[in-house]
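Participant: give me a model of this one.
(chains A and B)
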Amino acid sequence: MQAGSKLRIEGLSKTYRGAGGGENVTALKDVGIEIGAGEFVSIVGPSGCGKSTLFNIIAGLIRPSGGKVLLDGRQPDELLGSVGYMPQRDCLMPWRTVLDNTTLGLELNGVRKKEAHKRALAEFERFGLAGFEKHWPAKLSGGMKQRAALLRTFLAGRDVMLLDEPFGALDALTRANMQEWLLDVWQEDRKTILFVTHDVEEAIYLSDRVYVMSGRPGRVSLEVDVSLARPRKPEITMTPEFLLLKQKLLRPLEEAAAGGGLFVDDRPTLEEQI
Amino acid sequence: MFARGTRSRRVAATVLPPLLFAIFVLAAWQLYTVVGNIKESTLPPPTDVARSIWENRQLLIDNAWVTIKEILIGFFFAILLGVGLAVLIRSSRTVERAIYPWLVVSQMVPIPAIAPLLIIWFGFEMQPKVIVIVLVSFFPIAVNTIDGLRAAEPELLNLLKTLKANAWQRFRKAQLPAALPFLFSGLKVAAALSVIGAVFAEWVGASEGLGYLILVLNNQTATTDMFAVIFTLALIGILLFLIVTLLERLLLPWYYESRETEGEGLHLEVEEGA
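Facilitator: Model (predicted):
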């Protein structure tokens, strides 16, 4: 693990200077995360736990106050542009067709339009976008917009992809379909994915490992390996193993929600109940 | 065949209501002047105005051509000035703070007050008219474009950064296209204002043009002929507006087609913005 880690974050912290002489805000404190090549890792946490700050640092959009971000074991000269990044909103350009939206990354890499189109079109079927190449994004459903945004990130060709709550705005049914679909796609190319969500079930269902973050200051409060066999089917969410993991992850989240203080839970755990 | 049928029905639905309304107003006007026995020098019936337009067609065309030339040249420079100022203002905070207040102040200066000065400086030629037209019509273009250049989503700009887009690429691929619908809203307002500007400039000092013609006819109390000139001016304004709208449809097909799917609510919003 130590040697093979694709993305490694060490002692990362970020402090925002208070506006107008106000108090400083510590958004992140000593955050450590590690992802191996081809791993699917999720971060769950309540809103305001610093997930977005963490993402923006890894994407190279903001600089940390302390700590390191290592790619393939070393600090890249320029983090910005080294990892794939998909923001929460689809951010599709309404003035570009679906096809031209998905090739944005290739275009900025200097790939010729014809070649870029060819590469994108080869993926349209798999991303469930076939037949919508020439449509404007406004004509797409919410799920299709997210798949188009995902294809754009995918085609940009970075080894590591950061996905920030990509299914957060979708209805429950679409969301479930998208999760299943994402697993299928990931299974095929095994890209390294760091996925942010506030949905514990989603995190367990998709990931090899889940980090729980708690807020103020944002820090990793728990790391849980998800050893459920792959490929996973949606029914897996009903199994005892899954529910155990869910309970394990929910507890620190409840603590975080209760204010982050010491939270003594004397309810019997599921293990004890069984 | 079916598609063509719905298309012509849609055209009928947009063209018929205003046409019927115009016929209704003209009929009421005609009835009022005939039944009320109104003097022709006070309010001529529309049929007389129509006859005057026909009889004076050569005079109207000759003078309209002069005014149209002023309007087109003025409009062109208003676009250059408006868009140029908008880009300049959005290029840096300092420039924005330095220029924007003066842009607003420039609109507080009553143009009628400086028009005679322009005549003193530039004489009775085309120049002062073009300057007046630019002064009255650049403002809506500038203000709308400034807002438009702010319209690109910050997340999209961040995404472009992670795709290694430099400042120019971010401008050209995101900020500029996002600003275009706003620019066109400004152009529509400016189109109407430019006609007013042209008439006014000709009133202050001219030897030809439709505005000048109104002044001359006013001195002769030739009310019917004045109405003929007013109708011609209105026609020029309407045509200019239509040309801008047509250009918008051709250049921003995504804007129109995306709007059609999003329903009436957005439609109303956009109309208010115009």
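
Participant: chain A: strands as residue ranges?
Facilitator: For chain A, applying DSSP state E gives strands covering A:5-16, A:25-36, A:40-44, A:66-71, A:84-86, A:160-164, A:192-197, A:209-214, A:219-225.

Participant: leaving out sequence neighbours, find the closest residue to B:Val130.
Facilitator: Residue nearest to B:Val130 in three dimensions, not counting chain neighbours: B:Gly74, with 4.6 Å by Cβ to Cβ, 6 or more residues apart in numbering or on different chains. C-betas here are computed from N, CA, C, even on glycine.

Participant: OK, contacts around whatever residue of the stretch 151-274 of chain B ends up closest to chain A?
Facilitator: Of all residues in the stretch 151-274 of chain B, the one sitting closest to chain A is B:Ser258 (3.4 Å; Cβ to the nearest Cβ). B:Ser258 is in contact with A:Pro94, A:Trp136, A:Pro137, A:Ala138, A:Lys139, counting by Cβ atoms under 8 Å, 6 or more residues apart in numbering or on different chains.

Participant: is the third one in contact with A:Leu92, as I believe?
Facilitator: Yes - counting by Cβ atoms under 8 Å, A:Pro137 sits close enough to A:Leu92 to count as a contact (3.9 Å).

Participant: shared neighbours, the two?
Facilitator: By the contact definition Cβ under 8 Å, 6+ apart, A:Pro137 and A:Leu92 are jointly contacted by A:Val98, A:Asn101, A:Lys145, A:Ala148.

Participant: and chain B, is stretch A:56-76 touching that?
Facilitator: Yes - using Cβ under 8 Å from any Cβ of the partner chain, stretch A:56-76 comes into contact with chain B via A:Asn56, A:Ala59, A:Gly60, A:Leu61.

Participant: now render those residues as JSON lines, adding neighbour count and pLDDT.
Facilitator: Output for these, formatted as JSON lines (neighbours: other Cβ atoms under 10 Å in any protein chain shown; pLDDT from 0 to 100):
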{"residue": "A:Asn56", "neighbour count": "21", "pLDDT": "91"}
{"residue": "A:Ala59", "neighbour count": "25", "pLDDT": "92"}
{"residue": "A:Gly60", "neighbour count": "18", "pLDDT": "92"}
{"residue": "A:Leu61", "neighbour count": "18", "pLDDT": "92"}
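
Participant: please report the distance of the closest residue to chain B within the stretch 1-150 of chain A from A:Met93.
Facilitator: Closest approach between the stretch 1-150 of chain A and chain B, counting by Cβ to the nearest Cβ: A:Ala138, at 3.4 Å. Going from A:Ala138 to A:Met93 by Cβ to Cβ, to the nearest Å gives 11 Å.

Participant: who's more crowded, these two?
Facilitator: It is A:Met93, of A:Ala138 and A:Met93, that has more neighbours when counted by other Cβ atoms under 10 Å in any protein chain shown, with 22 against 17.

Participant: that one is in contact with B:Ala174, isn't it?
Facilitator: Yes - in this structure A:Met93 lies within contact range of B:Ala174 using Cβ under 8 Å: 6.9 Å.

Participant: who touches both of the two?
Facilitator: What both A:Met93 and B:Ala174 touch, as defined by Cβ under 8 Å, 6+ apart, is the set B:Leu156.

Participant: give me every residue that touches A:Lys6.
Facilitator: A:Ile35, A:Gly36, A:Ala37, A:Gly38, A:Glu39, A:Leu71, A:Asp72, A:Asp159, A:Val160, A:Thr192.

Participant: show the buried residues in those residues.
Facilitator: A:Ile35, A:Gly36, A:Glu39, A:Leu71, A:Val160, A:Thr192 (16 or more other Cβ atoms under 10 Å in any protein chain shown).

Participant: just flag the most distant two among those.
Facilitator: Across these, the longest distance by Cβ to Cβ is 14.0 Å; it joins A:Glu39 and A:Leu71.

Participant: interface residues of the stretch 1-150 of chain A facing chain B?
Facilitator: Contact residues, the stretch 1-150 of chain A versus chain B (Cβ under 8 Å from any Cβ): A:56, A:59-61, A:80-81, A:83-89, A:91, A:93-96, A:104-105, A:108-109, A:136-139.

Participant: secondary structure element for the closest residue to chain A within the stretch 1-150 of chain B?
Facilitator: The nearest approach of the stretch 1-150 of chain B to chain A comes at B:Gly148, 12.4 Å away (Cβ to the nearest Cβ). Element membership for B:Gly148, per DSSP states H and E: helix B:126-149.

Participant: quick revisit: what's the closest of the contacts of A:Lys6 to A:Pro252?
Facilitator: Proximity of those to A:Pro252 (Cβ to Cβ) peaks at A:Ile35, which lies at 20.1 Å.

Participant: residues in contact with B:Ala142?
Facilitator: Taking Cβ under 8 Å, 6+ apart, one finds B:Leu81, B:Gly82, B:Val83, B:Leu85, B:Ala86, B:Ile89, B:Leu103, B:Gly186 in contact with B:Ala142.

Participant: repeat that for 10 Å
Facilitator: Applying Cβ atoms under 10 Å, 6 or more residues apart in numbering or on different chains, we find B:Ala142 in contact with B:78-79, B:81-89, B:99-100, B:103, B:106-107, B:183, B:186, B:190.

Participant: name the element the most centrally placed residue in chain B belongs to?
Facilitator: Geometric centre of chain B, nearest residue: B:Ala191, 1.3 Å, by Cα atoms, centre = their mean. B:Ala191 is part of helix B:176-204, with elements assigned from DSSP H and E.
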